[in-house]
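# sequence plus predicted model, see below.
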Amino acid sequence: MRQVLQGAACNRLHSMEERCARWLLMTHDRAGEDTFPLTQEFLSNMLGVRRATVNVATGMLKKAGFIRYVRGNITVVDRTGLESASCECYQAIIRAYDANFP
């Protein structure tokens, strides 16, 4: 429940780039690999924005060298950099998850 509330607050308070970085980090955590399939269409649905907005956000993360994005596949190139691009909500969600599932 806390993760849902944190995500809702994040969606209201933080920039699209920060939210996109948070979502990519959470997906990377669960994928177990640096490269995973993820379309802009799916990401736009998860973030509640237009696909063009996701294109801008992922483009900024790509230009910064944090990710590589080719034909529906994301590769996390610089996880530390991606974490720095994310808002503090990512760490809050991780702490809450670790507290409940040590």
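It's in.
# show me where the protein dips below the pLDDT cut-off.
1-12, 101-102 (pLDDT under 70).
# top helix in it by residue count?
Ranked by residue count and defined by DSSP state H, the top helix of the chain is helix 16-31.
# so which elements touch it?
Judged by 3 or more C-beta pairs under 8 Å, 6 or more residues apart in numbering; DSSP states H and E, helix 16-31 is in contact with helix 2-13, helix 40-47, helix 51-63, strand 73-76, helix 79-85, helix 89-100. Yep, even glycine has a C-beta here, placed from its N, CA and C like the rest.
# of all those, which lies closest to residue 28?
For residue 28, the closest of the helices and strands packed on helix 16-31 is strand 73-76, at 5.0 Å, according to C-beta to C-beta.
# list the helices and strands that closest one packs on?
Using 3+ C-beta pairs under 8 Å, 6+ apart: strand 73-76 touches helix 16-31, strand 35-37, strand 67-70.
# coming back round to it: tabulate the helices and strands packed on helix 16-31 (CSV), appending distance to residue 31.
Listed next are those as CSV, based on distance: least, C-beta to C-beta, whole Å:
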stretch, distance to residue 31
helix 2-13, 18
helix 40-47, 13
helix 51-63, 16
strand 73-76, 9
helix 79-85, 12
helix 89-100, 15
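# tabulate the ones you listed (JSON lines), appending mean neighbour count.
What follows is the helices and strands packed on helix 16-31, written out as JSON lines (neighbours: other C-beta atoms under 10 Å):
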{"stretch": "helix 2-13", "mean neighbour count": "13"}
{"stretch": "helix 40-47", "mean neighbour count": "16"}
{"stretch": "helix 51-63", "mean neighbour count": "16"}
{"stretch": "strand 73-76", "mean neighbour count": "18"}
{"stretch": "helix 79-85", "mean neighbour count": "16"}
{"stretch": "helix 89-100", "mean neighbour count": "15"}
